[in-house]
Every structure is written in C-alpha cells, then in structure tokens.
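>>> the following comprises the amino acid sequence and a computationally predicted model.
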Amino acid sequence: MIGRVSVLKDGTEWARVTGDLIEPKQIIMAGPDGYAKIQLADGSTFEVFHDTKVVFRDTPGWTELLNVLIGRVKVYIEHRNGPNPQRVTTQTAVISVRGTVFDVDVEDEDATTLVSVEEGTVNVRHQRFPGNGVELHTGESVRVFKDQALAKVVDKGGAARVVLRAAAQAVYDALYRRSISGGGSSAPTGGGTGPGAQGDKGKGGSTGGAGGPSGGGTAAPPPPPTGPQP
C-alpha cells in the first residue's frame, strides 16, 4: 500500500499499514493518494485505487467478495485449483466470476458502473431489472446505469477500455515515482512518501545541472558577455 488507506470499523476510521489484516464487513477507504493491494487466502488478489470505498465480504458466504461503493478496483481471481466462484457487487450491478481478471469502476453517486474484462469471462446483471445479464469476454466491457435496463451491446476494446488502461498506468507510474523519490541507490523500506514525492522524478542520482555531475571536476567557465542587441 501507498498513501492514505484506512478501514471503517464500528463507525471509526483506522489507518492501515502494510501487512495488516482486513476483516469481513470492514469498509476499505483509499484517499486521493491511496492505493492498496490485498491478498486472499486462496491466492486471489484485488487492488483498491485512489478515492475508492469498498466493503470486504459484505454479506455472509465466502463467494461474496466485494461491494464497491465508489471508485475503482481491479480483481484477480485465482483458479489454478479449479473453479473459484466469486461475486462483486455495486448498487447497480452484480458481477459473477469463476476465474478471471477484471475492473469494476463506480463512476458517480448514481452508481454508474463500468465493468471491463482483461482476461477470462464474467457475467454482469442489473440489480434492479430482472434478466440473465450480459456475458463479457476478454477485451469487452459494459456500462450499467441506475435507471436503465442492461444494454445488450458491449464495447469490445473501445474508448472505455482505453481510459481504464490509461488510468491504471498513471497509478503505477505514480507509485513507482514515489518509491524511488529522494535519490540514492536504495529504495525506501517504509510506507508511502509525502505528497510531494510525485514531483521528484529525476532528482536523485546527479546533483549537477549546468555545472555537470557532482564530483566531476571544475565546471567550464561561463561564456563572455555579448554586446547589446540591435
């Protein structure tokens, strides 16, 4: 984890650190600079990105994995030992999986939900409108609206998926910059760095500039002054 990540337990917000356990029915909250990767006992993992609230194991039964309230999660279901049925829900959508990699992004207060599959197959149903739902395969996505029946048309590698990939890459880049900020040859061993770390890319290593790298000898003399411009 990096940045501000906490859980809401019995109405109180508790800050988390790497290695802490998450209990069923706890709300995981990632702040504007927050990110966490959480591993389950079966080897499955899920990532919680910034500005996200998600309930872990909201209802009884180990197949109910997450209830996403707002924000974005990415889920990796482990299935090497056979089918591993899990469900992820939002206020508008029910996503059923057995073994796959997929994104769930609750975009607004109306719980507009974008589901995008990176690997495998998921079934998406609407919470309010009956039906068998839509089956999504690798590279497909669907957006679920609060007051509309689930659309039968899916986006195969379109603009929505491009936006998701760009968002994920931006987060990974930010995390990498934070982990190496401050210069030196060794990475920090603690948690996340301060808010300013993201802007420190390229500051480590050399301290030169116009005078060259540190310890590199005498700097070249400045050029002679020029005459006035016409």
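Cool, got the structure. Residues are numbered from 1 along each chain as shown.
>>> what helix or strand is residue 29 on?
Applying DSSP states H and E as the criterion places residue 29 in strand 27-30.
>>> got it, and residue 67?
Assigned by DSSP H and E, residue 67 belongs to strand 64-76.
>>> now the element after that strand, going C-ward?
strand 86-89.
>>> which other helices and strands contact the strand holding residue 29?
Counting contacts by 3 or more C-beta pairs under 8 Å, 6 or more residues apart in numbering; DSSP states H and E, strand 27-30 packs against strand 5-9, strand 36-39, strand 52-56. Heads up, the C-betas are built off the backbone N, CA and C, glycines and all.
>>> please name whichever of the ones you listed is nearest to residue 80.
Closest approach to residue 80 among the helices and strands packed on strand 27-30 is made by strand 36-39 (14.8 Å; C-beta to C-beta).
>>> the closest one packs against which elements?
strand 27-30, strand 45-48.
>>> check these for me and report the most buried one.
Mean neighbours per residue, mean count of other C-beta atoms under 10 Å, is largest over the helices and strands packed on strand 36-39 for strand 27-30, with a mean of 23.
>>> how about that strand as PDB, C-alpha atoms only?
What follows is strand 27-30, C-alpha atoms only, in PDB (Å, rounded to 0.1, in the frame of the first residue of the first chain):
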ATOM      1  CA  ILE A  27     -15.100  -0.700   4.600                       C
ATOM      2  CA  ILE A  28     -11.700  -0.100   2.900                       C
ATOM      3  CA  MET A  29     -11.100   3.500   2.000                       C
ATOM      4  CA  ALA A  30      -8.300   4.800  -0.200                       C
END
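>>> in JSON lines, list the helices and strands packed on strand 36-39 along with distance to residue 120.
Shown next, in JSON lines, are the helices and strands packed on strand 36-39 (distance: least, C-beta to C-beta, whole Å):
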{"stretch": "strand 27-30", "distance to residue 120": "24"}
{"stretch": "strand 45-48", "distance to residue 120": "15"}
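>>> want to throw these into a markdown table with mean pLDDT and distance to residue 140?
Compiled in a markdown table, the helices and strands packed on strand 36-39 are given as follows (pLDDT from 0 to 100; distance: least, C-beta to C-beta, whole Å):
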| stretch | mean pLDDT | distance to residue 140 |
| --- | --- | --- |
| strand 27-30 | 97 | 27 |
| strand 45-48 | 96 | 20 |
